[in-house]
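K.L.:
fold the following and give me the result.
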Amino acid sequence: MSHDPTDVHRSASHLARNIRALREARGLSQAQLAKLSGIPRPTWANLESGAANPTLAVLLKVSATLQVSLEELVGPPRTAARLYGKGELRTRRRGRVEIRDLLPDPMQGLQMERMELPPGGAMTGIPHTAGTREYLCCERGTIRLTASGESWDLSVGDVLVFRGDQKHAYRNPGRGVAVAYTVVALAPPPSTQR
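P.N.:
Predicted coordinates:
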């Protein structure tokens, strides 16, 4: 059974990039890794250059030292970023207000949204669990937040922090479109005792 030389070269390239990235992410030098692993520093240099043809024993030591699986060492490098197009993020409407999620992946205890309110547009917020904090930032126009009978007008750049477990409402009192961002730090649910 013959191997495609392109696949072998690609795997060596992946190995070199992954080892270098993992070492740099840990803030270690090749000399420090050599001391930690018992693998000579020149071997680390060869691994990172893509010139090495390591044995399984060496790869196992490398994966143990860097605390990753063999698959992570030889697989395609993980990208450090992923771009999500506007259309990939969940968007919904509540009345005339457009709300778009800013976190494409769920994060326990955290919600981030972008709200776009047309002139005169308003929306009632949904009270969260007791102890929740909400952060409202005005990006464009004016946003009026009303909570527990009090109102605050936010201009561009203003941030208001309030209890997210109370009745609250958002309104655009201006003549142009208003844009705001909300960050909701959800309080953990009360633990149930047995």
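K.L.:
who are the packing partners of the helix or strand of the chain with the lowest mean pLDDT?
P.N.:
Every helix and strand of the chain was ranked by mean pLDDT, DSSP states H and E. The lowest is helix 5-25, at a mean of 81. When contacts are defined as 3 or more C-beta pairs under 8 Å, 6 or more residues apart in numbering; DSSP states H and E, helix 5-25 sits against helix 41-49, helix 56-66, helix 70-74. Where you see a C-beta, it was placed from the backbone N, CA and C, and this is true even at glycine.
K.L.:
can I get the ones you listed in JSON lines with mean pLDDT and distance to residue 188?
P.N.:
Shown next, in JSON lines, are these (pLDDT from 0 to 100; distance: least, C-beta to C-beta, whole Å):
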{"stretch": "helix 41-49", "mean pLDDT": "92", "distance to residue 188": "43"}
{"stretch": "helix 56-66", "mean pLDDT": "91", "distance to residue 188": "34"}
{"stretch": "helix 70-74", "mean pLDDT": "86", "distance to residue 188": "32"}
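K.L.:
in the least confident helix or strand of the chain, what's buried?
P.N.:
Residues 11, 12, 14, 15, 16, 18, 19, 20, 22, 23 are the ones in helix 5-25 that count as buried (16 or more other C-beta atoms under 10 Å).
K.L.:
pretty sure the first one sits against residue 76.
P.N.:
Translated: residue 11. No - using C-beta atoms under 8 Å, residue 11 is not in contact with residue 76; the gap is 9.6 Å.
K.L.:
tell me what the helix or strand just after the least confident helix or strand of the chain is packed against?
P.N.:
As assigned by DSSP states H and E, the chain's next helix or strand after helix 5-25 is helix 30-37. If you count contacts as 3+ C-beta pairs under 8 Å, 6+ apart, helix 30-37 packs onto helix 41-49, helix 56-66.
K.L.:
in CSV: those helices, plus mean neighbour count and distance to residue 174.
P.N.:
Supplementary listing: the helices and strands packed on helix 30-37 in CSV, determined by neighbours: other C-beta atoms under 10 Å; distance: least, C-beta to C-beta, whole Å:
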stretch, mean neighbour count, distance to residue 174
helix 41-49, 17, 56
helix 56-66, 16, 54
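K.L.:
residue 69 against residue 63, yeah?
P.N.:
Yes - the criterion here is C-beta under 8 Å, and residue 69 meets it with residue 63 at 6.3 Å.
K.L.:
looks to me like residue 123 is in a strand.
P.N.:
Yes - according to DSSP: H, G, I helix; E, B strand; the rest coil, residue 123 belongs to a strand.
K.L.:
quick one: average confidence on stretch 126-139?
P.N.:
Averaging pLDDT along stretch 126-139 yields 93.
K.L.:
so residue 19 makes contact with residue 47?
P.N.:
Yes - the criterion here is C-beta under 8 Å, and residue 19 meets it with residue 47 at 5.2 Å.
K.L.:
follow-up on the earlier one: TSV please, covering the helices and strands packed on helix 30-37 and showing distance to residue 95.
P.N.:
Formatted as TSV, the helices and strands packed on helix 30-37 follow (distance: least, C-beta to C-beta, whole Å):
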stretch	distance to residue 95
helix 41-49	57
helix 56-66	52
